[in-house]
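# Predicted model follows, preceded by the sequence.
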Amino acid sequence: MVYFGPTGAGKSLCYQLPAVMLPGVTLVVSPLIALMKDQVEQLHARGIFATFINSSLSDAERTERLRGVRGGLYKLVYVAPERFRSPAFLDALSEAQVDLFAVDEAHCISHWGHDFRLDYARLGQARKRLRPPRTVALTATATPEVRDDIIRSLLMKEPQVFVAGFDRRNLFLEVFPVAGDLERRAACGQLVAECGSGIVYCATRRAAEMLHRSLKERGHPATLYHAGMDEESRRKAQDEFMAREDAVAVATNAFGMGIDKPNIRFVAHANIPRAVEAYYQEIGRAGRDGAPARAVLLFNHSDVFTQERLIQTNHPTETVFADVWNSLPLAVILLLAALQRIPTELYEAARIDGAGHFQLFRYVTLPWLSGALLVVLILQTLSAIRAFDVIYVLTAGGPGTATTTLTWKTYLVTFESLDFGQGNAYAWVVSLITLAFALGYFRLLYRRGEFET
């Protein structure tokens, strides 16, 4: 089952209630340590046996909790996706009865699984290994593309999909135009004075620090939170925000996921957020108690340019890819890749058989390198006749983008300043050298048996 519902609509109940009723354990994948801790504390307050296993625990604590998982002590176990790398954890699950596999904040699969936290993209394989009889994925907001990505990544076959309405009748949405930072700070100060506890989101860490300083100078109980702070400072900031009735958090979008404070009376955006989905998810943290709450956007046209710059720096433009494609011979990149991927197994086997350094180079390194360079020659030739641009046109991308995005992304920063020039004499000399190595490759393949003599 996949459920998309607004903040405060009871998504957690969709797996917590079945967890109490099912005989086995419910495994909950959660993105943040603070979120796990908060939910486990709430379950303990209701007399439900639950725990979390993450990097905040000592080795002894993890071992003890894994023993409890094996013994069926817990009804719910919260983990991060990275936990599935642990053989000890997987062994404990194999001895437990996992009746329900739940992925909370499932939009992280699509938002983080492709680059930031790759283990999110591997949850489908973890689910396939565990073979739980029930699986549920939940989140507040997701575009149709993100919904499809969640279902595909979790390897779910025709799941039931429920999309609840997004209307929160107790939230009042409003926009205040501001001419500059002075008006922005004054508006935030007035909002805090009128409403009480709330969250003010800023686009950058620097903006958050400046606004936090301004609110403190005005005498407001402001707390700063952003990803640049150390873990202990972030934990203290969140605990302070949760403990004080009138606390105000000034933060970047790193703050707020899973925050369950019912009396948040306002959520303000000092800068325009990056996407409508992010805006909706963030304002949903206000008014969880059902009482009236405000969602205020302080709008200045310059903030649009800030977001455009952030988007461009996170995702290189097609022009950048095209420039790299046209300035750097493929041989350099694939040669580096080949050197990085020489199979260590062959080296170890050769050493055991008593091969010397020259034999290692001649019969292990050189054949594999020659094979890689043969591929380079083919790609260099296709590049010279503009074959990749033809592929690009057929796939409606940009010059070379459809074929080279994954290959070039890793080396983009390192090599974008080089300018060898594609199609010039240098590129063709590289191709001729490549051909010479490739011709030797086939001869050396048949002489691999000399390792045994």
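Here it is on my side, so go on. All values derive from a computational prediction rather than experimental measurement.
# Three-state assignment for Phe101, please.
The three-state label given to Phe101 by DSSP: H, G, I helix; E, B strand; the rest coil is strand.
# Let me know the pLDDT of the nearest residue to it once chain neighbours are set aside.
Of all residues not flanking Phe101 in the chain, Pro132 sits nearest, at 4.0 Å (Cβ to Cβ, 6 or more residues apart in numbering). C-betas here are computed from N, CA, C, even on glycine. As predicted, Pro132 sits at a pLDDT of 91.
# what helix or strand is Pro132 on?
Counting by DSSP states H and E, there is no helix or strand that carries Pro132.
# excluding its backbone neighbours, what's nearest Phe84?
Leaving aside its chain neighbours, Phe84 sits nearest to Ala126 (4.4 Å; criterion: Cβ to Cβ, 6+ apart).
# my read: the one you found touches Arg83, true?
No: between Ala126 and Arg83 there is no contact, the gap being 9.2 Å when judged by Cβ atoms under 8 Å.
# Now the common contact residues for these two.
Common neighbours of Ala126 and Arg83 are not found (criterion: Cβ atoms under 8 Å, 6 or more residues apart in numbering).
# about what we covered before: what's the neighbour count on the residue nearest to Phe84?
21 (other Cβ atoms under 10 Å).
# what's the pLDDT at it?
You'll see Ala126 listed with a pLDDT of 88.
# How is it classified with respect to secondary structure?
The three-state label given to Ala126 by three-state DSSP is helix.
# do the same with the one 10 residues further on
When states are read from three-state DSSP, the local structure at Val136 comes out as strand.
# Distance-wise, check it relative to Ile259.
For Val136, the distance to Ile259 equals 22 Å [Cβ to Cβ, to the nearest Å].
# just Gly72 next, same as before
Distance, Gly72 to Ile259, using Cβ to Cβ: 31 Å.
# Neighbour count for the two, which is higher?
Taking other Cβ under 10 Å, Gly72 and Ile259 do not tie; Ile259 has more neighbours (18 against 14).
# And for the closest residue to the more buried one other than its chain neighbours, the neighbour number?
Spatial nearest neighbour of Ile259, excluding adjacent residues (Cβ to Cβ, 6+ apart): Arg285 at 5.6 Å. Arg285 has 25 neighbouring residues, counting by other Cβ under 10 Å.
# for Arg285, what are its contacts?
Contacts of Arg285 by Cβ under 8 Å, 6+ apart are Thr7, Ile199, Gly256, Ile259, Lys261, Ile264, Val267.
# Same check on Arg129?
Contact analysis of Arg129 by Cβ under 8 Å, 6+ apart lists Leu90.
# Backbone dihedrals for it, please?
With angles defined as degrees, to the nearest 10, Arg129 sits at phi -70, psi -40.
# how near is it to Tyr78?
Taking Cβ to Cβ as the measure, Arg129 falls 19 Å from Tyr78.
# Which helix or strand contains Thr26?
strand 25-29.
# Return that strand as PDB; C-alpha atoms alone will do.
This file holds the C-alpha atoms of strand 25-29, laid out as PDB (Å, rounded to 0.1, in the frame of the first residue of the first chain):
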ATOM      1  CA  VAL A  25       7.700  -7.200  14.300                       C
ATOM      2  CA  THR A  26       7.000  -4.100  12.200                       C
ATOM      3  CA  LEU A  27      10.200  -2.700  10.600                       C
ATOM      4  CA  VAL A  28      10.000   1.100  10.000                       C
ATOM      5  CA  VAL A  29      12.500   2.800   7.700                       C
END
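# Parallel or antiparallel, which strands does that strand pair with?
Looking at strand 25-29 with DSSP bridges, its partner strands are strand 76-79 (parallel), strand 98-103 (parallel).
# What distance do you get for the residue nearest to Ile259 to Ala278?
Distance, Arg285 to Ala278, by Cβ to Cβ: 12 Å.
# what do those two both touch?
What both Arg285 and Ala278 touch, as defined by Cβ under 8 Å, 6+ apart, is an empty set.
# And the closest residue in space to Arg134 that isn't next to it in sequence, how far from Thr51?
Excluding the flanking residues, the one nearest Arg134 by Cβ to Cβ, 6+ apart is Leu100, at 4.7 Å. Leu100 sits 16 Å away from Thr51, going by Cβ to Cβ.
# what do you get for Arg131?
With Cβ to Cβ as the criterion, Arg131 and Thr51 are 23 Å apart.
# Of the two, which one has the most company?
Taking other Cβ under 10 Å, Arg131 and Thr51 do not tie; Thr51 has more neighbours (22 against 8).
# Does the more buried one have any beta-bridge partners, and if so which?
Judged by DSSP bridges, the bridge partners of Thr51 are Val77.
# ok, it touching Leu66?
No: using Cβ under 8 Å as the test, Thr51 is too far from Leu66 to be in contact (9.9 Å).
# Just the angle for the helix or strand encompassing Ala88 relative to strand 25-29, thanks.
Element membership of Ala88 [criterion: DSSP H and E] is helix 87-95. Orientation check (axes from the mean of the first three to the mean of the last three Cα atoms, to 10 degrees): helix 87-95 against strand 25-29 gives 140 degrees.
# elements contacting helix 87-95?
helix 59-70 (3 or more Cβ pairs under 8 Å, 6 or more residues apart in numbering; DSSP states H and E).
# which residue ranges form the helices in the stretch 201-350 of the chain?
According to DSSP state H, counting those that start in this stretch, the stretch 201-350 of the chain carries its helices in the segments 205-217, 231-243, 276-283, 301-314, 318-327, 330-340, 344-352.
# Where does pLDDT dip in the stretch 251-400 of the chain?
Applying pLDDT under 70 to the stretch 251-400 of the chain flags residues 258, 313-400.
# Spell out which residues make up each domain of this protein.
The chain breaks down into these domains under automatic domain parsing: 2-163, 171-311, 318-452.
# now the strands paired with strand 25-29 in TSV, with distance to Leu211, mean neighbour count and mean pLDDT?
Listed next are the strands paired with strand 25-29 as TSV, based on distance: least, Cβ to Cβ, whole Å; neighbours: other Cβ atoms under 10 Å; pLDDT from 0 to 100:
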stretch	distance to Leu211	mean neighbour count	mean pLDDT
strand 76-79	33	24	94
strand 98-103	34	23	94
